[in-house]
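Colleague: kindly generate the corresponding structure for this input.
(one chain, ligands or ions: 1)
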Amino acid sequence: MAGFSFPLTFVPNYTVVGRGYHALRKSKKETHLHKGVDLMAEVGTPVFAVADGIVVDGPFLFAWQYNPPSHAIVVKHGPVTVLYGEIQLEGAKVTGDSVLQGEKIAAVARTGTGSMLHIQVYKGRYVKGKEIDPTPYLNVWRTNLPKEDDAGPRFERDRPDYTSARR
Ligand SMILES: [Zn+2]
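Modeller: As a prediction, the model looks like this:
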């Protein structure tokens, strides 16, 4: 995962209780463990590819209880596959698209519980149920923040003081 970057231009506190991996989720019908990590962000916040890759699934419905519902895409980034969830359908990359690291691939959707980017991580290819803890990955990726400017989103890996200025 060396060389990967963070999916947002800023780093929210993703270790908040209830937003982390395997946090307990209870509803009237069922209880389950959170399959990913939530990065709290304003509606419309751009989401950037964490590495070069190809969209292998989506956009598909992710949280359909909201109006409009939120969606997700799955992107294979070499040895790591990432599900980007709670995103807007509009503007999202679609299956078959190639993406570049730092390229805008989606925007955060409106949801009922506070808007966020939901990240799920898979070793190798995307297999439902085979999620692993994204936290150690995010802890590395956060040292590489993408940059959005007037020329459009791009990744500024060569700007040495950028990360320290934003943290
Ligand atoms: Zn989540």
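Colleague: what is the burial count for the closest residue to Leu100 other than its chain neighbours?
Modeller: When the adjacent residues along the chain are set aside, Leu100 lies closest to Asp52, with 5.5 Å between them (Cβ to Cβ, 6 or more residues apart in numbering). Backbone N, C-alpha and C define where each C-beta goes, glycine included. Other residues near Asp52 number 16, with proximity taken as other Cβ atoms under 10 Å.
Colleague: these two touch, right, Asp52 and Val99?
Modeller: Yes: the criterion here is Cβ atoms under 8 Å, and Asp52 meets it with Val99 at 6.9 Å.
Colleague: and the longest helix seen in the chain, what does it pack onto?
Modeller: In the chain, with assignment by DSSP state H, the single longest helix is helix 135-141. Using 3 or more Cβ pairs under 8 Å, 6 or more residues apart in numbering; DSSP states H and E as the contact criterion, the elements in contact with helix 135-141 are strand 37-40.
Colleague: repeat that with 10 Å
Modeller: Applying 3 or more Cβ pairs under 10 Å, 6 or more residues apart in numbering; DSSP states H and E, we find helix 135-141 packed against strand 37-40, strand 80-87, strand 116-123.
Colleague: could I get the buried residue list for it?
Modeller: In terms of neighbour count (16 or more other Cβ atoms under 10 Å), helix 135-141 has its buried residues at 135, 137-138, 141.
Colleague: format those residues as CSV; extra columns: pLDDT and distance to Gly114.
Modeller: Compiled in CSV, these are given as follows (pLDDT from 0 to 100; distance: Cβ to Cβ, whole Å):
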residue, pLDDT, distance to Gly114
Thr135, 97, 19
Tyr137, 97, 22
Leu138, 98, 18
Trp141, 97, 22
